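In: no sequence for this one, just the structure:
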């Protein structure tokens, strides 16, 4: 009878050694007195891109969908005409009344019958509903112009889609015949939270009015205008990220050159941002522009890892190295200047004009994204052209190649030596368990540095379809075990693996919102939750020292990493037990005189199929308890299917 793979892994991990018929307790030896290497201080970070409605409909707090009427050239999708009994109105897109060059299409409202008792207008359904919270102030705004004979008023409201109940309303008393911006505050009272709501703009007399850039923001992170959703940012801050890689992977490249992330078009007033078609089937507003990414990074206390467009797009378009590529190289130099330049520089001055005179710190720049897909073979020459130009102007910047050692040698960069290689790993749990003991052990410690810019475990070997609808959008405990196992390997080599980031980061869990799985954090209009993998990552990133300690486990694969805080003497012992039986280890702390206090144990444990969801967000969460009987040599039992962090104060 053939034994299942997990059964075989159990025998390896438990390290059962038969001596006179008696199983011996495996010993985990930790060389705590002599650190093996310095741990990268920016090892744990975040990777982000516009996928699964991560920005629009997610992190970017705007609640109005298709606010500038550019999502469809034929019809005002997500908008509808509304009219009380006895009123009548119609809506249509109108290219003859542009708000700006960037926003050329407006929404025309023609009201043929209306009164104060029977108003008519337009409604927006939001991103799967407009969320309503009690006692909350919402900032609403819109641009409007009225045809002759109409001057208002316009009433703005959030109302129920079930029974028409009004949760909040405010009135703009008069509308001009020229384009102007109007702003109101909508404040809710004691209401039950719901997303079964819509935003309406209604008038009470016949006439024609045009609208554009209709917006509704809830309270944002740090109350920034055009800001970010509070609960999602808090979950990211709780991960203690040291860096943020942006603006994304495929999102940076676009399906075509014309649809790339063109950073200059994401600056300034929202009326100056046309947005663009993203690679995942929907349009981006570009409300999340370059400055917003930089502010997001700063607000988390992290540093930026800037991805620049390198002349290759997803459907195969590429720019030939040489004179054709030079404008894109210059564009990257301009972008770096926007981030880091003084206000006396051209693009530093533009940053100051946009509201942020102080430069942002920048150490890492990545040239492109996943350019091993470029069949033209041009990446080596394109990388060299960017590398030479960046190093000539910014010699201290570290330049990242998007082709790492996991790719065949013929796809890698040869004409220049990258400072960093970006490696991507999407594997199933069994593969990560096999990789974890030794994957990075044979890498050259002289560099280049390794940036694991995208990685995630999925549950099963076959089939793996990242667009599958048969599995939940976020991973199970089984995947979290694979994630944690791989993190032990990356952390044991955190002198070489300078940075690493799980991907994708976010997913809107509403039907039709998801393009990829698994994802770290899920949400709808009202709620958010972390997957088991989220909690595994949080356990690792929040318990991390500045020195790597050698750890060995005789007779079993090493699914353990140990770091030490040199200032406090705190040891962080992380161990993964992927099997269905408890695992008992004898822990030997060599070079430690004593353990102060009792220490703590944080455990994430559940059946492999267990997961969290929007309705059950805390089914799988870590539990922390005090330890007892801990000394330089002690025995500890790790629960089945568990990820454990032991935190010990030593001297």
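Out: Sure, I can see it. From a predicted model like this one, the values you see are computed outputs, not experimental measurements.

In: quickly note the distance from the closest residue to residue 315 other than its chain neighbours to residue 68.
Out: Using Cβ to Cβ, 6 or more residues apart in numbering and skipping the chain neighbours, the partner closest in space to residue 315 is residue 255 (5.1 Å). (C-beta placed from N, C-alpha, C; glycine too.) Separation of residue 255 from residue 68 (Cβ to Cβ, to the nearest Å): 21 Å.

In: who's more crowded, the two?
Out: residue 68 (28 against 18; other Cβ atoms under 10 Å).

In: so residue 445 makes contact with residue 497?
Out: No. Using Cβ atoms under 8 Å, residue 445 is not in contact with residue 497, being 11.4 Å away.

In: which residues in the stretch 201-350 of the chain form helices?
Out: Using DSSP state H, counting those that start in this stretch, the helices found in the stretch 201-350 of the chain span residues 230-237, 250-253, 290-299, 326-340, 346-353.

In: ugh, wrong one, the stretch 401-550 of the chain
Out: Going by DSSP H, counting those that start in this stretch, the stretch 401-550 of the chain shows helices at 429-435, 477-492, 532-541.

In: and residue 372, which of the ones you listed is closest to it?
Out: When those are compared by Cβ to Cβ, helix 429-435 sits nearest residue 372, at 19.1 Å.

In: helices or strands up against that closest one?
Out: helix 5-14, strand 420-428, strand 449-458, helix 477-492 (3 or more Cβ pairs under 8 Å, 6 or more residues apart in numbering; DSSP states H and E).

In: just these: most buried one?
Out: Ranked by mean neighbour count under mean count of other Cβ atoms under 10 Å, these are led by helix 477-492, which reaches a mean of 27.

In: report the angle between that one and strand 420-428.
Out: With axes from the mean of the first three to the mean of the last three Cα atoms, to 10 degrees applied, the angle from helix 477-492 to strand 420-428 works out at 150 degrees.

In: what about helix 477-492, average pLDDT?
Out: Computed over helix 477-492, the mean pLDDT rounds to 98.

In: so how many other residues sit close to residue 493?
Out: Neighbours of residue 493 under the rule other Cβ under 10 Å: 23.

In: pretty sure it is touching residue 441, no?
Out: Yes. Residue 493 is in contact with residue 441 according to Cβ under 8 Å; the separation is 7.4 Å.

In: residues in contact with the closest residue to residue 63 other than its chain neighbours?
Out: Spatial nearest neighbour of residue 63, chain neighbours left out: residue 216 (4.4 Å); criterion: Cβ to Cβ, 6+ apart. Residues counted as contacts of residue 216 (Cβ atoms under 8 Å, 6 or more residues apart in numbering) are 62-64, 126, 130, 138-140, 158, 186, 199.

In: mark which of these are buried, thanks.
Out: Buried by 16 or more other Cβ atoms under 10 Å: 62-64, 126, 130, 138-140, 158, 186, 199, out of the contacts of residue 216.

In: nearest to residue 417, of the residues you listed?
Out: residue 62 (43.1 Å).

In: hmm, that closest one is touching residue 215, no?
Out: Yes. Using Cβ under 8 Å, residue 62 is in contact with residue 215, at 6.2 Å.

In: distance of residue 568 relative to residue 313?
Out: 49 Å.

In: okay, these two: which has more neighbours?
Out: Using other Cβ under 10 Å, the more surrounded residue of residue 568 and residue 313 is residue 313, with 23 against 12.

In: residue 459 versus that one, what's the distance?
Out: In terms of Cβ to Cβ, residue 313 sits 32 Å off from residue 459.

In: then residue 312?
Out: Distance from residue 312 to residue 459, by Cβ to Cβ: 32 Å.

In: looking at those two, which one has more neighbours?
Out: residue 312 (25 against 21).

In: for the record, mean pLDDT for stretch 65-84?
Out: 98.

In: now do that stretch: distance to the chain's middle.
Out: 28 Å (Cα atoms, centre = their mean, to the nearest Å).

In: residues contacting it, please?
Out: Contacts of stretch 65-84 (Cβ under 8 Å, 6+ apart): 56-57, 89-93, 99, 103, 105-107, 109, 113-114, 117-127, 200, 202, 212-215, 274-275, 282-283, 285.

In: look at residue 13 and report its pLDDT.
Out: Model confidence at residue 13, given as pLDDT, is 42.

In: quick revisit: helices - which of the buried ones among the contacts of residue 216 land there?
Out: Using DSSP state H, no member of these falls in helices.

In: I'd like the residues you listed as JSON lines, with distance to residue 361 appended.
Out: As requested, the buried ones among the contacts of residue 216 are exported to JSON lines (distance: Cβ to Cβ, whole Å):
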{"residue": "62", "distance to residue 361": "28"}
{"residue": "63", "distance to residue 361": "32"}
{"residue": "64", "distance to residue 361": "34"}
{"residue": "126", "distance to residue 361": "36"}
{"residue": "130", "distance to residue 361": "38"}
{"residue": "138", "distance to residue 361": "34"}
{"residue": "139", "distance to residue 361": "31"}
{"residue": "140", "distance to residue 361": "36"}
{"residue": "158", "distance to residue 361": "40"}
{"residue": "186", "distance to residue 361": "38"}
{"residue": "199", "distance to residue 361": "39"}
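
In: nearest to residue 409, of these?
Out: residue 62 (45.3 Å).

In: which residues touch the nearest residue to residue 473 once chain neighbours are set aside?
Out: Distances taken as Cβ to Cβ, 6+ apart place residue 507 nearest to residue 473, at 4.6 Å, with adjacent residues excluded. By Cβ under 8 Å, 6+ apart, residue 507 lies in contact with 52-54, 473-474, 513-514, 516-517, 519, 521-523.

In: which among the residues you listed end up buried?
Out: Applying 16+ other Cβ under 10 Å to the contacts of residue 507 flags 52-54, 473-474, 513-514, 516-517, 519, 521-523 as buried.

In: so for stretch 427-445, what gets flagged as buried?
Out: So for stretch 427-445, counting by 16+ other Cβ under 10 Å, buried means 427-437, 439-440.

In: brain fart, stretch 600-609
Out: 600-606, 608.

In: out of those, the closest to residue 486 would be?
Out: For the buried residues of stretch 600-609, the nearest to residue 486 is residue 604 (15.2 Å; Cβ to Cβ).

In: is it true that that closest one lies in a strand?
Out: Yes. According to DSSP: H, G, I helix; E, B strand; the rest coil, residue 604 belongs to a strand.

In: I figured it hits residue 480, correct?
Out: Yes. Shown here, residue 604 and residue 480 form a contact pair, counting by Cβ under 8 Å, at 7.0 Å.

In: who touches both of the two?
Out: Contacts common to residue 604 and residue 480, judged by Cβ under 8 Å, 6+ apart, are 532, 535-536, 620, 643.

In: let's have those in CSV, adding distance to residue 548, neighbour count and pLDDT.
Out: Shown next, in CSV, are the shared contacts of residue 604 and residue 480 (distance: Cβ to Cβ, whole Å; neighbours: other Cβ atoms under 10 Å; pLDDT from 0 to 100):
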residue, distance to residue 548, neighbour count, pLDDT
532, 26, 30, 98
535, 23, 22, 98
536, 19, 31, 98
620, 29, 23, 98
643, 19, 32, 98
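
In: look at residue 645 and give its secondary structure.
Out: The assignment at residue 645 comes out as strand when based on three-state DSSP.

In: beta partners of it?
Out: Listed by DSSP bridges, the beta-bridge partners for residue 645 are residue 574, residue 602.

In: can you check the pLDDT for it?
Out: Taking residue 645 on its own, its pLDDT is 98.

In: that one contacts residue 601, correct?
Out: Yes. If you go by Cβ under 8 Å, residue 645 and residue 601 touch, sitting 7.4 Å apart.
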